[in-house]
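Engineer: everything below, folded, please.
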Amino acid sequence: MGRVVVDVMPKPEILDPQGKAVAGALPRLGFNGFVSVRQGKRFELEVEGEVTPEVLENARKAAETVLSNPVIEDVVSVKDASGEVA
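Structural biologist: Okay, the predicted model is just below:
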């Protein structure tokens, strides 16, 4: 079985209250040096057989129409678990 990983992030112009909360908490917890944080979503799609270019393209289409909200989010990567990018 293969696995496709899809990463989705808020568009740059969209406010990210979760990221802002994490950015505020990091220094209080002793993690310094981070200027900002954006929080996104990661999906792992398991497929029968190998991850082929066709599987990656199908996963990208699914990501752009179902897994993300195209008004406020960008699909930033679609790749197989071994690292091949669509």
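Engineer: low pLDDT regions in the chain?
Structural biologist: Applying pLDDT under 70 to the chain flags the ranges 83-86.
Engineer: do that again at 90, thanks
Structural biologist: 1, 81-86 (pLDDT under 90).
Engineer: tell me where it has helices.
Structural biologist: Using DSSP state H, the helices of the chain run over residues 17-28, 53-62.
Engineer: need the distance between the two termini of stretch 46-55.
Structural biologist: Taking CA to CA, to the nearest Å, the first and last residues of stretch 46-55 lie 11 Å apart.
Engineer: now it: buried residues?
Structural biologist: Buried residues in stretch 46-55, counted by 16 or more other CB atoms under 10 Å: 47, 51, 55. From N, CA and C alone the C-beta is placed, and that goes for glycine too.
Engineer: closest one of those to residue 38?
Structural biologist: residue 51 (26.8 Å; CB to CB).
Engineer: so which of the helices of the chain is nearest residue 1?
Structural biologist: helix 53-62 (11.4 Å).
Engineer: show me what the closest one is packed up against.
Structural biologist: Using 3 or more CB pairs under 8 Å, 6 or more residues apart in numbering; DSSP states H and E as the contact test, the elements touching helix 53-62 are strand 2-10, strand 41-47, strand 73-80.
Engineer: could I get those as CSV with distance to residue 31?
Structural biologist: Converted to CSV, these look like this (distance: least, CB to CB, whole Å):
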stretch, distance to residue 31
strand 2-10, 21
strand 41-47, 21
strand 73-80, 23
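Engineer: for residue 80, which of the helices of the chain is the nearest?
Structural biologist: The closest approach between residue 80 and any of the helices of the chain, judged by CB to CB, belongs to helix 53-62 at 6.8 Å.
Engineer: residue 45 - how many residues pack around it?
Structural biologist: 19 (other CB atoms under 10 Å).
Engineer: right, and it touches residue 51 too?
Structural biologist: No - using CB atoms under 8 Å, residue 45 makes no contact with residue 51, being 9.4 Å away.
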